[in-house]
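1. Model the following, please.
(one chain, ligands or ions: 2)
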Amino acid sequence: MKETQRDHLTWEEREEEKHEKVDMSKYYFGGVVEMAVVKCAIELGMADAIANHGRPMTLLELSSALDCDLQNLHRVMRFLVNHGIFKEIIIRNEDTVPTAYYAQTPSSRRLMRTGENSMAALILMQSSPPAMATWHCLSACVKGKATSAFEVVHGEDVWKYAEANPAHGQLINEAMACKARVMASAIIDGCLDVFEGVETLVDVGGGTGTIMRRLVKACPWISKGITFDLPHVVSLAEQCEGIEYVGGDMFEFIPKADAVLLVTVLHDWGDDECIRILKKCREAIPKDKGKVIIVEAVIGNKEQQKEDNKLNDVGLVLDMVMMAHTYKGKERTLDEWAYVLREAGFSRHTVRSIAAIQSVIEAFPA
Ligand SMILES: C[S@@+](CC[C@H](N)C(=O)[O-])C[C@H]1O[C@@H](n2cnc3c(N)ncnc32)[C@H](O)[C@@H]1O
Ligand SMILES: O=c1cc(-c2ccc(O)cc2)oc2c(O)c(O)ccc12
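-> Numbering: from 1, shown residues only. Ligands and ions are numbered 1, 2, ... in the order given. Sure, this is the predicted structure:
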């Protein structure tokens, strides 16, 4: 009798095979296909067309509004309905045959080009050719032979590339602003008291000011908000009363304020750079009552996992994004945060969960 490879398996291994937990098709079909179809929906303006129409649309109405091939549009809509992005509703009038209409869902509204809840820019940025090309070099990062996968492909880091390629720079700024809108709501709804007593606040790496504009509105006691970022980034910011925009390099100097805010900035950097940035932050605040407010993922945050384990899963995905896009950037565990804060001279810190992948860490010099 011919011996097969299976004959060598233990009973446990055979049981594991029978109950294989991971659907491998998601690795050869999923992910990229889903991203591509959602990108296609954004590019064609599917959600915007239904919103502009003011009510659900038939396939014929949608294909004429978008100027699309009827059969191909039907296949894409079937895929998106199956994924719960749009919904299909059947309306039966007495005198007509039942007709199918495509309607919006909370997810499809996120694919609209504009609006407070839009996540289109983040999806377009992640699915853009410069970002996608980066994933092909992930193994070089794991071998530790590369500066960053992004730099292997593009010859410079993500921020220098953005400066040299204004169209991609704008896509990054829009993507960061879209993520910042979501995060500003989570911060304002979940821990506004963190800003109590703060009259001057500097948002380091604050992009084009999306978070600061919302914070000064939600906290009228903040008399001066400073958005600090690289000069070519702040030059694109929309002017707003009560907010000063300062361009500069956070490794060199940070404007003085009662508190420093850092929202998903430190995850772009390795521990040594984080410690240098945090030391500059410490110099910018009063030693007795100042604080640094860090909004970042805390991998394995038990309190957050109790509420929603999915947030930890997304944190681990974001960690891979950091590996691909930055040199030594990473998402950190509680112990890793404690290490960089201690090395930067902070004597204590607290961590609070909010309704986001990120938690809020308050670090105090004294
Ligand atoms: C991941 S984005 C975060 C943006 C914003 N805090 C948010 O949550 O949307 C990181 C920001 O750091 C800025 N940045 C990178 N290097 C910097 C530097 N040396 N000095 C100041 N800002 C810098 C980038 O321009 C970018 O806006
Ligand atoms: O591609 C990204 C995405 C993020 C990101 C997305 C969603 C969040 O809740 C947080 C962060 O951040 C990035 C980043 O900081 C970077 O340097 C490059 C790319 C991305």
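
2. got the CA coordinates for stretch 187-194 in CSV?
-> C-alpha atoms of stretch 187-194 as CSV (Å, rounded to 0.1, in the frame of the first residue of the first chain):
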residue,chain,number,x,y,z
ILE,A,187,-11.6,62.2,21.6
ILE,A,188,-14.4,64.8,22.1
ASP,A,189,-17.0,62.2,22.9
GLY,A,190,-14.8,60.1,25.1
CYS,A,191,-12.4,62.2,27.1
LEU,A,192,-12.9,66.0,26.7
ASP,A,193,-12.0,66.4,30.4
VAL,A,194,-8.4,65.7,29.4
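
3. which residues in this structure form strands?
-> 87-91, 99-103, 200-204, 224-229, 243-247, 259-263, 291-299, 332-333, 348-353, 358-364 (DSSP state E).

4. Please state the offset of the shortest one from the chain centre?
-> Between the centre of strand 332-333 and the centre of its host chain there is 17 Å, according to Cα atoms, centre = their mean, to the nearest Å.

5. which residues are in contact with that strand?
-> Contact with strand 332-333 is made by 266-267, 296-300, 340, as judged by Cβ atoms under 8 Å, 6 or more residues apart in numbering. Any C-beta I mention is one placed from the backbone N, CA and C, and that applies to glycine too.

6. right, quick check: it against ligand 2, any contact?
-> No - applying Cβ under 6 Å from any ligand atom, one finds strand 332-333 separated from ligand 2 by no less than 13.4 Å.

7. Include pLDDT and neighbour count when you put the contacts of strand 332-333 into JSON lines, please.
-> Below are the contacts of strand 332-333 laid out as JSON lines (pLDDT from 0 to 100; neighbours: other Cβ atoms under 10 Å):
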{"residue": "266", "pLDDT": "98", "neighbour count": "27"}
{"residue": "267", "pLDDT": "97", "neighbour count": "22"}
{"residue": "296", "pLDDT": "96", "neighbour count": "23"}
{"residue": "297", "pLDDT": "94", "neighbour count": "26"}
{"residue": "298", "pLDDT": "94", "neighbour count": "25"}
{"residue": "299", "pLDDT": "92", "neighbour count": "19"}
{"residue": "300", "pLDDT": "84", "neighbour count": "15"}
{"residue": "340", "pLDDT": "98", "neighbour count": "22"}
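
8. and residue 317, how many neighbours?
-> Neighbour count for residue 317, taken as other Cβ atoms under 10 Å: 11.

9. repeat for residue 32
-> Quick note: residue 32 (other Cβ under 10 Å) scores 13 neighbours.

10. Give me the distance between it and residue 136.
-> 12 Å (Cβ to Cβ, to the nearest Å).

11. tell me the contacts of the residue of the stretch 1-150 of the chain at minimum distance from ligand 1?
-> Nearest to ligand 1, among the residues of the stretch 1-150 of the chain, is residue 122, at 10.3 Å (Cβ to the nearest ligand atom). Listed by Cβ under 8 Å, 6+ apart, the contact partners of residue 122 are 175, 178-179.

12. ok, now which ones touch residue 288?
-> So residue 288 contacts residue 366 (Cβ under 8 Å, 6+ apart).

13. Quick check: phi and psi on it?
-> Residue 288 adopts backbone torsions of phi -80, psi -50, taken as degrees, to the nearest 10.

14. And the pLDDT at it?
-> pLDDT, residue 288: 91.

15. Check the gap between residue 31 and residue 86 for me.
-> 20 Å.

16. domain assignment for this protein?
-> Following the assignment in the TED database, the chain carries domains at 11-111, 182-365.

17. highest average neighbour count across these?
-> domain 182-365 (a mean of 18; mean count of other Cβ atoms under 10 Å).

18. Span of that domain from start to end?
-> With Cα to Cα, to the nearest Å as the measure, domain 182-365 spans 29 Å from end to end.

19. Listing request: residues of the stretch 201-350 of the chain with sub-threshold pLDDT.
-> 304-306, 308 (pLDDT under 70).

20. Quick check: phi and psi on whichever residue of it sits closest to ligand 1?
-> Across the stretch 201-350 of the chain, no residue is closer to ligand 1 than residue 205, which sits at 3.0 Å (Cβ to the nearest ligand atom). Residue 205 adopts backbone torsions of phi 70, psi 40, taken as degrees, to the nearest 10.

21. ok, the residue nearest to it when sequence neighbours are not counted - contacts?
-> Nearest residue to residue 205, sequence neighbours excluded (Cβ to Cβ, 6 or more residues apart in numbering): residue 265, at 3.5 Å. By Cβ under 8 Å, 6+ apart, the contact set of residue 265 is 204-205, 250, 277.

22. Spatially, which two of the residues you listed are the most separated?
-> The most widely separated members of those are 205 and 277, with 8.6 Å between them, by Cβ to Cβ.
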